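J.: this one's sequence-less:
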């Protein structure tokens, strides 16, 4: 970089067909996503915390089985234990979803990004597609590995699967730790929806990033929705809060990973798994629409 | 070609750009001058479709930014050199940009070489100096080989050699028939780089002209005269109707007359003349004169205290 002379810029063949579209932006967003270290740190935390924490909790719960009373035995849920890592992961994916947007606002590089396309919404769509696809794959893989690892931990403690058609009453009187097979009622759905939950939260966080355009603001809002909102609701009179408690994103997440045979635990309190997933998807969609409208309307 | 037609932009109660119209033609470097806060960056953002004018329109080659099909192939811009993710390498930064407009990957290496950053292509841009970031910004602007280029203060942070390099680059890009619109607060730099000038103050157009016309139309011709008979010559010139000013070192400054006419008067008066030199006002002086009442932020010269 010591030359003061100027090399001519090599001409680039002109493109006379089509236009810079969503496909271009998706490829570009993937390049941006994979080329910073924070991406890989966050994804590693999702995998390690997801599997590790779930295995750890399963191990602790298995050790307690013989000392548990009937109520605790009824609440002993091998599927839910296998997805304990989700509690940590939901914040990590939220941070990642917000950061891919707000880091561009923090540095000002969002203006470079927006000057690559005449249609701003392609930038929003491309970010959602890339982060959504990556988190979906990573969290599904993690959820299923967590499931099998956690059941293996229970088996190592002497756990056995209950016979097909067993009810919660059979579980209470079981001498051995109950273990759930992936083929048992609702297990696949619960594990699958755990990945869906994390993916929808990521999209919500990404949209919040476009709305708030500030890292601390977007992450605070995201954490507030998951942690602070339930606290606020719990302070309200139960006759008042009871009707919408089930619509809180954190409770939707809980509803999504419950297996059918156990729904009596929370009967009337939580929505059914697919309805909960649909409500959470509607929240994410609303945030995305708001993000799109603001992105187009506001000065960059 | 960049055309701004009566654009106005207000932020809150501040009118950043006020009914501004100008044209930037291809083939020459056009300097965009104005004091800090005069609306240069706002105007450039409006050209790039980033800020929307309250009224009026800006077009690039006749099209608004929102109508460009392959934006990077038509217009390249360096607006903020430090607007980069610090953890990403220079090569990956450019690759991501190239992919948005189907620009071949090989182009990344070419533009890095052009700006002299090929040796640090894999280094994280967070470790770059301001000068290196400026070069990277210039590389991104050139990525799509666009016919229109905007540079906001491109020589900020560059060493003298880098400044010379940018100057030559801008001129050579212009000579290829491109439209080059470059803002600067360094008037002296514009004087040697630009051919055309757009000058604004408080968001309003002050001049849309060439550098040479801008200087000559805004200054009176002054001739410096040194003579052993300065007093006698001053009298003779005044008698002939010239405006003469004596300077501290005994020479004369004659305003409004050319050198030949002064020489003739000296000859007629029989006074020897040792020097007769027309004085060119610098672009900087003209600019300061013209915008002194339009500067939002005045610095203060410390007042000397005591004897």
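T.: Happy to help now that I have it. If you're wondering where the values come from, they're calculated on a predicted model, not measured in any experiment.
J.: ok, and for whatever helix or strand residue B:174 lives in, which residues are buried?
T.: Applying DSSP states H and E as the criterion places residue B:174 in helix B:160-175. The neighbour-count check on helix B:160-175 (16 or more other Cβ atoms under 10 Å in any protein chain shown) flags B:162, B:163, B:164, B:165, B:166, B:167, B:169, B:170, B:171, B:172, B:173, B:174 as buried. C-betas here are computed from N, CA, C, even on glycine.
J.: How are the helices of the chain distributed by residue range?
T.: Just so you know, I chose chain A. A:22-34, A:37-64, A:70-74, A:78-81, A:86-107, A:109-114, A:121-156, A:168-172, A:187-212, A:215-223, A:229-235, A:238-245, A:249-256, A:273-297 (DSSP state H).
J.: Oops, wrong one, chain B.
T.: Using DSSP H, the helices of chain B run over residues B:40-47, B:71-74, B:90-100, B:106-114, B:130-142, B:160-175, B:187-193, B:211-218, B:230-239, B:259-269, B:283-291.
J.: Ok, which of these comes nearest chain A?
T.: helix B:90-100 (3.7 Å; Cβ to the nearest Cβ).
J.: so what does that closest one touch, helix or strand wise?
T.: Packing contacts for helix B:90-100, counted by 3 or more Cβ pairs under 8 Å, 6 or more residues apart in numbering or on different chains; DSSP states H and E, involve helix A:22-34, helix B:71-74, helix B:106-114, helix B:130-142.
J.: For residue B:190, which of those helices is the nearest?
T.: Taking Cβ to Cβ, helix B:130-142 is the member of the helices and strands packed on helix B:90-100 nearest to residue B:190, at 16.7 Å.
J.: Okay, buried residues for the closest one please.
T.: B:131, B:132, B:133, B:134, B:135, B:136, B:137, B:138, B:139, B:140, B:141, B:142.
J.: Out of those residues, which are close to chain A?
T.: When Cβ under 8 Å from any Cβ of the partner chain is applied, the members of those adjacent to chain A are B:132, B:135, B:140, B:142.
J.: wait, which of those is closest to residue A:184?
T.: Nearest member of these to residue A:184, counting by Cβ to Cβ, is residue B:140, at 55.2 Å.
J.: okay, the closest one: pLDDT?
T.: For residue B:140, the model assigns a pLDDT of 97.
J.: Can you tell me how far it is from residue A:115?
T.: Distance of residue B:140 to residue A:115, computed by Cβ to Cβ, to the nearest Å: 10 Å.
J.: cool, and residue B:40?
T.: On the measure of Cβ to Cβ, residue B:40 and residue A:115 end up 17 Å apart.
J.: So for those two, which sits in the more crowded spot?
T.: Between residue B:40 and residue A:115, residue A:115 has the larger neighbour count (other Cβ atoms under 10 Å in any protein chain shown), namely 27 against 23.
J.: If we ignore the residues flanking it in sequence, what's nearest the more buried one?
T.: residue B:48 (4.9 Å; Cβ to Cβ, 6 or more residues apart in numbering or on different chains).
J.: And for that neighbour, the neighbour number?
T.: Residues contacting residue B:48 under the criterion other Cβ under 10 Å number 22.
J.: Next up, the contacts around it.
T.: A:111, A:115, B:65, B:75, B:77, B:79, B:150 (Cβ atoms under 8 Å, 6 or more residues apart in numbering or on different chains).
J.: on that earlier part again, let's have the ones next to chain A among the buried residues of helix B:130-142 in CSV, adding distance to residue A:46.
T.: Shown next, in CSV, are these (distance: Cβ to Cβ, whole Å):
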residue, distance to residue A:46
B:132, 35
B:135, 37
B:140, 32
B:142, 39
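J.: Any chance of the backbone angles for whatever residue of the stretch 201-307 of chain B ends up closest to chain A?
T.: Nearest to chain A in the stretch 201-307 of chain B, going by Cβ to the nearest Cβ, is residue B:203, at a distance of 15.6 Å. Reported as degrees, to the nearest 10, the phi and psi values for residue B:203 are phi 80, psi 0.
J.: Pretty sure residue B:7 is one of the things it touches, is it not?
T.: No. Residue B:203 is not in contact with residue B:7 according to Cβ atoms under 8 Å; the separation is 9.4 Å.
J.: what is in contact with the two at once?
T.: B:17, B:20.
J.: picking that back up, rebuild the contacts of residue B:48 as CSV, extending it with distance to residue B:58 and pLDDT.
T.: Shown next, in CSV, are those (distance: Cβ to Cβ, whole Å; pLDDT from 0 to 100):
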residue, distance to residue B:58, pLDDT
A:111, 16, 96
A:115, 13, 95
B:65, 8, 95
B:75, 11, 97
B:77, 13, 97
B:79, 14, 95
B:150, 11, 97
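J.: from those residues, which is closest to residue A:27?
T.: The closest of the contacts of residue B:48, once distances to residue A:27 are taken by Cβ to Cβ, is residue A:115, at 17.4 Å.
J.: Hmm, the closest one is touching residue B:66, no?
T.: No. Taking contacts as Cβ under 8 Å, residue A:115 lies outside contact range of residue B:66: 11.3 Å.
J.: Identify the contacts common to the two.
T.: Common neighbours of residue A:115 and residue B:66, counting by Cβ under 8 Å, 6+ apart, are residue B:49.
J.: Okay, now the unreliable bits of chain A?
T.: By pLDDT under 70, the low-scoring segments of chain A are A:1-9, A:260-268.
J.: what's the nearest residue to the most centrally placed residue in it if we skip its chain neighbours?
T.: Chain A has residue A:198 as the residue nearest its centroid, 1.1 Å off, counting by Cα atoms, centre = their mean. Spatial nearest neighbour of residue A:198, chain neighbours left out: residue A:139 (4.1 Å); criterion: Cβ to Cβ, 6+ apart.
J.: Can you get me a residue count around the one you found?
T.: When neighbours are counted by other Cβ under 10 Å, residue A:139 comes out with 28.
J.: For the stretch 101-250 of chain A, what lies in contact range of chain B?
T.: Counting by Cβ under 8 Å from any Cβ, the stretch 101-250 of chain A sits next to chain B at A:103-104, A:107-109, A:111-119.
J.: Export those to JSON lines and append columns for distance to residue A:134.
T.: Shown next, in JSON lines, are those (distance: Cβ to Cβ, whole Å):
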{"residue": "A:103", "distance to residue A:134": "16"}
{"residue": "A:104", "distance to residue A:134": "17"}
{"residue": "A:107", "distance to residue A:134": "21"}
{"residue": "A:108", "distance to residue A:134": "25"}
{"residue": "A:109", "distance to residue A:134": "20"}
{"residue": "A:111", "distance to residue A:134": "25"}
{"residue": "A:112", "distance to residue A:134": "22"}
{"residue": "A:113", "distance to residue A:134": "18"}
{"residue": "A:114", "distance to residue A:134": "22"}
{"residue": "A:115", "distance to residue A:134": "25"}
{"residue": "A:116", "distance to residue A:134": "21"}
{"residue": "A:117", "distance to residue A:134": "21"}
{"residue": "A:118", "distance to residue A:134": "27"}
{"residue": "A:119", "distance to residue A:134": "23"}
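J.: Would you mind listing the two of the residues you listed that lie farthest apart?
T.: Farthest pair in these, by Cβ to Cβ: A:103 and A:118, 23.6 Å.
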